[in-house]
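J.: Whatever this is, show me its structure:
(one chain, ligands or ions: 2)
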Amino acid sequence: MKHFLDIHKTQPGELRRIIDTAKLVKDARAGRPKGALDDEQPLKDHMVALIFEKPSTRTRVSFDVGVRQMGGQTMVLSGTDMQLGHGETIADTARVLSRYVDLIMMRTFEEDTLLEMAEYATVPVINGLTNRTHPCQIMADILTFEEHNGPIAGKKVVWTGDGNNVFASFAHAATQFDFDLVFSGPEPLDPEEALAGRYTIERDPAKAVDGADLVVTDTWVSMHDPQSARERRHNQLRGYQVNKALMDQAKPDALFMHCLPAHRDDEATSEVMDGPNSVIFDEAENRLHAQKAIMRWCLEG
Ligand code: CP
Ligand code: NVA
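T.: Ligands and ions are numbered 1, 2, ... in the order given. A predicted model of the protein is given here:
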């Protein structure tokens, strides 16, 4: 049984196979050749549980649509509505859900919650974001980069801002897909030391983006961060905003990415987000295609 828990826990060859499938799945949807892969209905008679302990637009809708396009059905469950939010253990929840459903996607706070779910579930579990990582997002981002600018291996990717969960999955991907990753943010918001990924640090964002093929940022305050940290973080991160002046330091064909949701004109200006180098809505669309490939991979045994 295969879980999709994190990018560094999946072999590079398997990750590449998922990306290749995602490209085929996307092409098929666009009619090249028409509908071929979805016609197989690989999720026919399958029920998928989508568990959310945090808000979501993209993850929720893209998984729901993806399952339906592949012939399956979904059940969207909020953590607070389940007994999970009222003292039932994760392990018992995992064992019970496995008797009803064929696949579990979970968005939660603590990584340990996801890991316990995966340990006790007898069906595949997919990580839909934890406080520490967001692997489905980065699979969509790799797909997006390669559609626009070719193979990501050997390319320079620069992250500005908070060393958060999305950054962590980029760091894992840097090792597995063999690209160079630079983190540019203030020291107090450095990625966690125990992070099993590969990156270098350049505090000066203008120097960091020199020669970049891809510039990425994310919200300055994540869902798991205390709102009381908001003002401090804004002060720490203001100098790391992605604006036109910063993008001009990168390669002319450098892409701009943001997983969304964004706080426009905080971490990135609308000029950049809506500018010619931005691929933010392709990233959002590619969540659908990448996750369909991930679900196929999980269920292929
Ligand atoms: N990028 C992302 O995961 O978005 P949602 O929080 O809307 O799911
Ligand atoms: N870093 C953000 C990503 C949201 C998709 C968060 O965890 O809130």
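
J.: any idea how far Pro205 is from the residue of the stretch 101-250 of the chain found nearest ligand 1?
T.: When CB to the nearest ligand atom is the measure, the stretch 101-250 of the chain has its nearest residue to ligand 1 at Gln137, with 5.4 Å between them. For glycine as for every other residue, the C-beta is placed from the backbone atoms N, C-alpha and C. With the distance defined as CB to CB, to the nearest Å, Gln137 ends up 22 Å from Pro205.

J.: Asp102 now?
T.: Note on Asp102: its distance to Pro205, by CB to CB, is 45 Å.

J.: Which of those two has more residues huddled nearby?
T.: When Asp102 and Pro205 are compared on other CB atoms under 10 Å, the one with more neighbours turns out to be Pro205, at 23 against 19.

J.: ok, now which ones touch the more buried one?
T.: The contact partners of Pro205, taken as CB atoms under 8 Å, 6 or more residues apart in numbering, are Thr160, Ser184, Gly239, Tyr240, Leu246.

J.: Put the alpha carbons of whichever strand or helix holds Val157 into PDB.
T.: Secondary-structure element containing Val157, defined by DSSP states H and E: strand 156-160. Taking only C-alpha atoms (Å, rounded to 0.1, in the frame of the first residue of the first chain), the coordinates of strand 156-160 have been written out as PDB:
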ATOM      1  CA  LYS A 156      17.800  28.000  -9.900                       C
ATOM      2  CA  VAL A 157      14.700  28.400  -7.700                       C
ATOM      3  CA  VAL A 158      14.600  31.200  -5.200                       C
ATOM      4  CA  TRP A 159      12.200  31.400  -2.200                       C
ATOM      5  CA  THR A 160      11.600  34.700  -0.500                       C
END
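
J.: Looking at it now, give me its mean pLDDT.
T.: Rounded to a whole number, the mean pLDDT of strand 156-160 is 98.

J.: Name the SS class of Asp27, please.
T.: What DSSP: H, G, I helix; E, B strand; the rest coil gives for Asp27 is helix.

J.: So in terms of bridging, what pairs with Leu181?
T.: Leu181 has the following beta-bridge partners by DSSP bridges: Val157.

J.: Near ligand 2, which residues of the stretch 51-200 of the chain are found?
T.: Contact residues of the stretch 51-200 of the chain with respect to ligand 2, defined by CB under 6 Å from any ligand atom, are listed as Leu129, Asn164, Asn165, Val166.

J.: List the ones among the residues you listed that fall in helices.
T.: If you go by DSSP state H, these have Asn165, Val166 in helices.

J.: Using a markdown table, lay out the residues of the stretch 51-200 of the chain next to ligand 2 together with neighbour count and pLDDT.
T.: Putting those into a markdown table (neighbours: other CB atoms under 10 Å; pLDDT from 0 to 100) gives the following:
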| residue | neighbour count | pLDDT |
| --- | --- | --- |
| Leu129 | 27 | 98 |
| Asn164 | 24 | 98 |
| Asn165 | 23 | 98 |
| Val166 | 25 | 98 |
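
J.: Any idea how many residues pack against Ala229?
T.: Burial of Ala229, expressed as a neighbour count using other CB under 10 Å, amounts to 14.

J.: Three-state assignment for it, please.
T.: The assignment at Ala229 comes out as helix when based on three-state DSSP.

J.: Then Val215?
T.: Reduced to three states by three-state DSSP, Val215 is strand.

J.: Phe109 now?
T.: Of the three states, Phe109 takes coil under three-state DSSP.

J.: Toward the C-terminus, what is the element adjacent to the least confident helix or strand in the chain by mean pLDDT?
T.: Using mean pLDDT, DSSP states H and E, helix 36-39 stands out as the lowest-scoring helix or strand of the chain, at a mean of 72. Downstream of helix 36-39, the next assigned helix or strand under DSSP H and E is strand 47-52.

J.: Please see if that following strand touches ligand 1.
T.: No: between strand 47-52 and ligand 1, judged by CB under 6 Å from any ligand atom, nothing touches; the nearest distance is 8.7 Å.
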